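Asks: prediction below, plus the sequence it came from.
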Amino acid sequence: MRTQIQVLSEDEKAQVHERTLKVLSTVGLRCDTAEGRRILASAGAEVDEATRRVRFPADLVESLLAQATRSFTVHGRRPDWSFPVGAGEFTLLADGGATSVVDAVTGERRPTSVDDWRAATRVLDALDDVGFYWCPTEYAADYERPAGFVRYFADVFATFGKHVQDSFGKPELTPWLKEILDIVFGGPDQVRERMPLSFLITPASPLTIEHDYTQTWLELRDYGLPVAVMPMPLQGATAPGSRLGTLLTANCETIGTLCLVQAAAPGTPVFYAPVVASMDPRTGLYAAGAVEHAVLCVAGTEMARYYGLPAESSGLCTQTYQPDLQTAWEKADGALLVALADPDVLVGPGLLGGATVLCLEQIVLDVEVIRRARQARAGVPVRDDLWLDEVLDKVGPCGSFLGERSTRTGVRAGEWALSDFGVQSSWDAWRAEGSPTTVDAARERVEQLLAGQVSLPYSDDQAAALAALQRRADAAT
C-alpha cells in the first residue's frame with residue numbers, strides 16, 4: 001500500500017496530450033536557432049523562416065516522442081556512485097543560482113562569494129540524499145569566458161562527486177567543456193557511457209525555443225549526454241491565467257523542445273522537467289511557495305509518467321528569506337505532494353526567497369523534510385511476514401509488544417523513520433542541552449558535514465592536463 005496522489009485522471013492526461021498536439025500543429029513554437037529550424041524542417045515540420053515559427057504535425061510529434069531513451073544510468077566521479085533513472089526511486093537535485101546568502105555568523109543577507117559556493121558544494125556532496133547538482137550560487141564574473149569556464153568545471157568535478165547538471169549559453173565554449181570531460185572521465189566513449197553531466201535546456205515561455213542554450217546543446221549533442229527540458233511558464237504572466245492553461249503551455253514547450261532534441265540526436269535521454277509555476281497576482285512576482293505551484297508540479301510529473309519519460313520535478317520552494325514557520329509549511333507542502341507523484345529527480349534543497357538566497361542550514365533542513373516525505377511515500381508495506389497476527393495472538397489482550405523480537409526487527413527494517421535530527425528527547429533533556437532551536441541543530445550539522453567531507457583528488461596526469469588546459473584558457477580570455 002504505497003501512498004499515492006492524483007491530480008489528473010488518465011482521461012485528463014490524454015486531453016492535455018491531444019490539446020498539445022493541436023497547439024503544436026496550429027500555433028507551433030518559435031525556434032530562434034537557425035540550425036534547429038533546419039533540423040526540424042528536415043524531420044518534417046512546417047517552418048516559416050520569416051517568423052521563425054515551427055509547426056509540428058501530430059504524427060511527427062508521436063514518432064519523435066517514441067525515440068527518446070527512457071531508462072538509463074547516470075554516474076559521477078565517485079567510483080561507487082550511480083543513479084538508475086526510471087527505476088522507481090528519486091534523488092534530490094540541489095537548487096541553484098542564488099545571488100545572496102544568509103550569513104551563518106551574522107544571520108544577515110549578503111552577496112555570495114566563491115567561499116560560499118565551495119561550502120555549499122561540499123555540504124551537498126556530503127549528503128547522499130543529493131545525487132544531482134546545480135551551481136548553488138553565482139561562481140565568478142568570468143564564468144562564461146574560457147578562463148573562468150575551465151576553472152569552474154575543474155572545480156565542480158573536484159568538489160562534487162555525483163551527477164552534475166549544468167547549462168551555458170555560449171556555444172563557442174563547448175570545445176572547452178568537451179576537453180574537460182575527456183580529461184576528467186577518460187575520453188568521449190567513457191563520457192557517453194557514464195553520462196556524468198546532463199544539459200539543461202530552458203525554453204522561454206510562452207512557446208519559444210530560445211537560441212543560446214539550445215545552440216550550445218546542438219554543439220554538444222555528439223557526446224550523447226542526457227537533456228533536461230525545463231520551461232518555466234508563470235500562470236497569468238508568461239502563461240494563461242488558469243492552472244490548466246499553464247500546464248498546457250508547459251507541456252507544449254517541453255514536448256516541442258523534446259522533438260527538436262530527438263530530431264537532432266535520435267535516442268538522446270531526456271528528462272521531462274518543466275517548472276509549472278504561478279504568479280502572485282498582487283505583486284506580479286513568482287509565487288514560489290504557493291500551493292498551486294506544488295499542485296501544478298504534481299500535474300507536470302504525472303504528464304511525464306503519461307509519456308513514460310523520466311520526471312525532473314520541482315518542490316521545496318518558498319518565498320521566505322530565512323528559515324521560519326512559513327518556510328517550513330511551504331517547503332513541506334511542495335516536498336510531500338511532489339514526492340508522492342513519483343519523480344525521478346526532485347529539485348529544491350537549500351534556497352530561499354524564490355531560489356535567490358542560499359542558506360546552508362536550509363540545505364540540511366530540506367533534506368530532513370525529504371526524508372520524512374520518503375517515509376510517507378513508502379505507505380504501509382504489505383507482505384505476509386508483516387501482518388504479525390501470530391504475535392498478536394501470542395501477546396493477547398492487555399499485553400505489550402515492546403519486548404517482542406518482531407518489534408526489534410521492525411525498527412531495523414524501517415517500520416519507523418528514526419531521525420537523529422531536531423528535538424527527539426524530553427523537555428528536561430532539551431533544556432539541559434541549552435534549548436537549541438532547529439536552526440541551531442542545522443548549523444551544527446552543517447559544521448559536521450564540512451568537517452567530514454573529502455573531495456576526490458585528481459590524478460597527477462589529470463591535474464597536469466587540466467593545468468595545461470587552464471593556461472590555454474587564460475591566454476584565450
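Replies: Structure received.
Asks: put the alpha carbons of the helix ranked longest in the chain into CSV.
Replies: Looking across the chain with DSSP state H, the single longest helix is helix 243-264. Extracted in CSV, the C-alpha atoms of helix 243-264 (Å, rounded to 0.1, in the frame of the first residue of the first chain):
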residue,chain,number,x,y,z
ARG,A,243,-3.8,26.3,-13.9
LEU,A,244,-4.9,24.1,-16.8
GLY,A,245,-3.8,26.6,-19.4
THR,A,246,-0.4,26.9,-17.7
LEU,A,247,0.0,23.1,-17.6
LEU,A,248,-0.9,23.0,-21.3
THR,A,249,1.7,25.7,-22.1
ALA,A,250,4.4,23.8,-20.1
ASN,A,251,3.6,20.6,-21.9
CYS,A,252,3.7,22.2,-25.4
GLU,A,253,7.1,23.8,-24.7
THR,A,254,8.5,20.6,-23.2
ILE,A,255,7.3,18.3,-26.0
GLY,A,256,8.2,20.7,-28.8
THR,A,257,11.7,21.1,-27.5
LEU,A,258,11.9,17.3,-27.0
CYS,A,259,11.0,16.9,-30.7
LEU,A,260,14.0,19.1,-31.7
VAL,A,261,16.3,17.1,-29.4
GLN,A,262,15.2,13.8,-30.9
ALA,A,263,15.3,15.1,-34.5
ALA,A,264,18.8,16.4,-33.9
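Asks: chain center to that helix, what's the gap?
Replies: From the chain centre to the centre of helix 243-264 is a distance of 18 Å (Cα atoms, centre = their mean, to the nearest Å).
Asks: which positions within it qualify as buried?
Replies: 243-244, 246-264 (16 or more other Cβ atoms under 10 Å). C-beta coordinates here come from the backbone N, C-alpha and C atoms, glycine included.
Asks: now stretch 411-422
Replies: Buried residues in stretch 411-422, defined by neighbour count with 16+ other Cβ under 10 Å: E415.
Asks: how far off centre is it?
Replies: That offset, for stretch 411-422, works out to 26 Å (Cα atoms, centre = their mean).
Asks: can you name the residues in contact with it?
Replies: 364, 368, 371-372, 374-375, 378, 410, 438, 441-442, 445 (Cβ atoms under 8 Å, 6 or more residues apart in numbering).
Asks: now that stretch: mean pLDDT?
Replies: Taken as a whole, stretch 411-422 has an average pLDDT of 90.
Asks: CA atoms only: put that stretch into PDB for me.
Replies: Presented in PDB, the C-alpha positions along stretch 411-422 are these (Å, rounded to 0.1, in the frame of the first residue of the first chain):
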ATOM      1  CA  VAL A 411      12.800  -1.000  13.900                       C
ATOM      2  CA  ARG A 412      15.800  -2.300  12.000                       C
ATOM      3  CA  ALA A 413      13.700  -2.900   8.800                       C
ATOM      4  CA  GLY A 414      12.400   0.700   8.500                       C
ATOM      5  CA  GLU A 415       9.000   0.500  10.000                       C
ATOM      6  CA  TRP A 416      10.000   3.700  11.800                       C
ATOM      7  CA  ALA A 417      11.900   6.500  10.200                       C
ATOM      8  CA  LEU A 418      14.200   7.300  13.100                       C
ATOM      9  CA  SER A 419      15.700  10.800  12.700                       C
ATOM     10  CA  ASP A 420      18.700  11.900  14.600                       C
ATOM     11  CA  PHE A 421      17.900  15.500  13.800                       C
ATOM     12  CA  GLY A 422      16.000  18.000  15.800                       C
END
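Asks: which of the contacts of stretch 411-422 lies closest to T216?
Replies: V364 (33.7 Å; Cβ to Cβ).
Asks: what packs against the strand or helix carrying that closest one?
Replies: If you go by DSSP states H and E, V364 is part of helix 360-378. Here helix 360-378 touches strand 91-94, strand 100-102, helix 114-126, helix 325-340, helix 438-452, going by 3 or more Cβ pairs under 8 Å, 6 or more residues apart in numbering; DSSP states H and E.
Asks: moving C-terminal of the second one, what's the next helix or strand?
Replies: Same thing as strand 100-102. Later in the chain than strand 100-102, the nearest helix or strand by DSSP H and E is strand 109-111.
Asks: just the buried residues of that following strand, please?
Replies: Residues R109 are the ones in strand 109-111 that count as buried (16+ other Cβ under 10 Å).
Asks: what's the neighbour count on the closest residue to R2 other than its chain neighbours?
Replies: Nearest residue to R2 in three dimensions, chain neighbours excluded: G379, at 4.3 Å (Cβ to Cβ, 6 or more residues apart in numbering). Neighbours of G379 under the rule other Cβ atoms under 10 Å: 12.
Asks: determine which two of the contacts of stretch 411-422 are furthest apart.
Replies: Using Cβ to Cβ, these reach their maximum pairwise distance at G410 and A442, which is 29.0 Å.
Asks: the more surrounded of these two?
Replies: A442 (24 against 15).
Asks: now do the nearest residue to the more buried one once chain neighbours are set aside, the pLDDT please.
Replies: Using Cβ to Cβ, 6+ apart and skipping residues adjacent in sequence, the residue nearest A442 is E361, 3.8 Å away. For E361, the model assigns a pLDDT of 96.
Asks: where are the low-confidence patches of this protein?
Replies: For the chain, no stretch is flagged by pLDDT under 70.
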